[in-house]
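Novice: I would like to see how this sequence folds:
(one chain, ligands or ions: 1)
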Amino acid sequence: MADCSTIFMGLQLSNPLVVASCSLTKSLKGIKKCVDAGAGAVVLKSLFEEQITADAQQLEHSMWIAGHSEAIDYVRNISRALGPKEYLTMIEKAKKATSIPIIASLNCISAKGYLDFARQIESAGADGLELNISIMPVEPEHTSESIEHMYLDVVDRVCHTITIPVAVKIGPYFTSLSRMAHEICNKGAKALVFFNRFFHPDIDIDKIALMTGYRFSSPDEMSGALRWIALLAGRVSCDFAASTGVHDGLGAIKHLLAGATIVQVCSVLYLKGISHIQTMLEQLLSWMDEHNYSTLEQFRGRLSQKESDRPELYERLQYIKTFVDID
Ligand SMILES: Cc1cc2nc3c(=O)[nH]c(=O)nc-3n(C[C@H](O)[C@H](O)[C@H](O)COP(=O)(O)O)c2cc1C
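Specialist: Here you go, the predicted structure:
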């Protein structure tokens, strides 16, 4: 039987299938289910500073109404400390109850938030931290450079504050993704996650109201990450995690061939159940046996742009018959 163990940002994983940050990993019960299904590691549901702040504001508001204005400052500080308490306790419990790497995830609205919570997450015993950074660039006065600087500043400060490995999960919307990937790694990130899949808004035309779009990905969404992993593999010196649209073992194999270190899965586990990880793992192992691969290193990155015999295909944007065989 092939060995599909791997090292991801310095952490030893029994296999490259990792449960992505989502509600399936927001409780100890959910984490244990992922372990039982054979996950190589889990990324916990993100801790959102915005949520903690909103909860604190709600509390402050009710105290104001009740006439306790003098206590508001005190409460503000307490709620900032207590907000993540449940999250930190879960990390501690997960570390005691399981033996796979537990990667926490953090999404903040301020650089201070990132630093404060990153320190607490490290102290709670997480094996790694994934920074879920996403800035919606709606303000016309914000230049691309200033927005990129916000990302890099956070990565720089967090990587210089904690010692556990840091992964950075980004979306695909950068003018120069290649430059950003290099810069993020230069700031000290040990891994990049390509890509976050953001909340999709939709419109209900019967109620004439805004609504939440469909939550889950489909397998044909994986090509964006596949292309970028293949383009950057061997050129950026950090590990790559593939995310978005991986619904079976075959999708995972494609990402590994493109150069991914690990593959994160989320939507398919909601659709087919957490035990689907086991099926994916079996597909990966049987494909490796079929192709006489006994380790991941023997084929990882074989179809990255650097190694491929058709490197131009990854840079191709337009459909032209000579190159893509269709009109
Ligand atoms: C219900 C749900 C909750 C999610 N919560 C988070 C989160 O807290 N933090 C995060 O970084 N990504 C979150 N994601 C995004 C996933 O981690 C993942 O990147 C995305 O769903 C694409 O992967 P997939 O195609 O395998 O679903 C969430 C996704 C779903 C469907």
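Novice: Which residue ranges of the stretch 51-200 of the chain form strands?
Specialist: Using DSSP state E, counting those that start in this stretch, the strands found in the stretch 51-200 of the chain span residues 102-107, 128-132, 166-170, 191-194.
Novice: which residues touch the nearest residue to C159 once chain neighbours are set aside?
Specialist: Leaving aside its sequence neighbours, C159 sits nearest to G188 (C-beta to C-beta, 6 or more residues apart in numbering; 3.0 Å). C-beta here means a position set from N, CA and C on the backbone, and glycine is covered the same way. By C-beta atoms under 8 Å, 6 or more residues apart in numbering, the contact list for G188 reads V155, D156, C159, H160, V166.
Novice: how much space between G188 and T161?
Specialist: Separation of G188 from T161 (C-beta to C-beta, to the nearest Å) stands at 10 Å.
Novice: And I277, by the same measure?
Specialist: 33 Å.
Novice: more neighbours, these two?
Specialist: Neighbours per residue (other C-beta atoms under 10 Å) separate I277 from T161, with I277 holding more: 26 against 14.
Novice: hmm, back to that, of all the strands of the stretch 51-200 of the chain, which lies closest to the ligand?
Specialist: Shortest distance between the ligand and those, using C-beta to the nearest ligand atom, is found for strand 128-132: 3.6 Å.
Novice: is the ligand contacted by that closest one?
Specialist: Yes. Strand 128-132 reaches the ligand (C-beta under 6 Å from any ligand atom) through N132.
Novice: Output that strand in CSV with nothing but the alpha carbons.
Specialist: Extracted C-alpha coordinates of strand 128-132, given in CSV (Å, rounded to 0.1, in the frame of the first residue of the first chain):
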residue,chain,number,x,y,z
GLY,A,128,-0.7,26.2,13.2
LEU,A,129,-2.7,29.3,12.3
GLU,A,130,-4.5,30.1,9.1
LEU,A,131,-5.1,33.7,8.5
ASN,A,132,-8.4,34.2,6.6
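Novice: Buried ones in that strand, by neighbour count?
Specialist: For strand 128-132, burial by neighbour count (16 or more other C-beta atoms under 10 Å) applies to G128, L129, E130, L131, N132.
Novice: correct me, but T295 touches A2?
Specialist: Yes. Under the criterion of C-beta atoms under 8 Å, T295 makes contact with A2 at 7.1 Å.
Novice: When the two are compared, which one has more neighbours?
Specialist: Here T295 and A2 are compared on neighbour count by other C-beta under 10 Å; more neighbours surround A2, at 18 against 13.
Novice: quick one: contacts for the more buried one?
Specialist: L285, M288, D289, Y293, S294, T295 are the contacts of A2 under C-beta under 8 Å, 6+ apart.
Novice: Give me the contact list for the host helix or strand of L250.
Specialist: Secondary structure from DSSP states H and E places L250 in helix 249-258. Applying C-beta under 8 Å, 6+ apart, the set of residues contacting helix 249-258 from outside is 16-17, 219, 222, 225-226, 229-230, 233, 242, 245-246, 263, 265, 279-284, 287, 296, 299-304.
Novice: Nice, that's everything, thank you.
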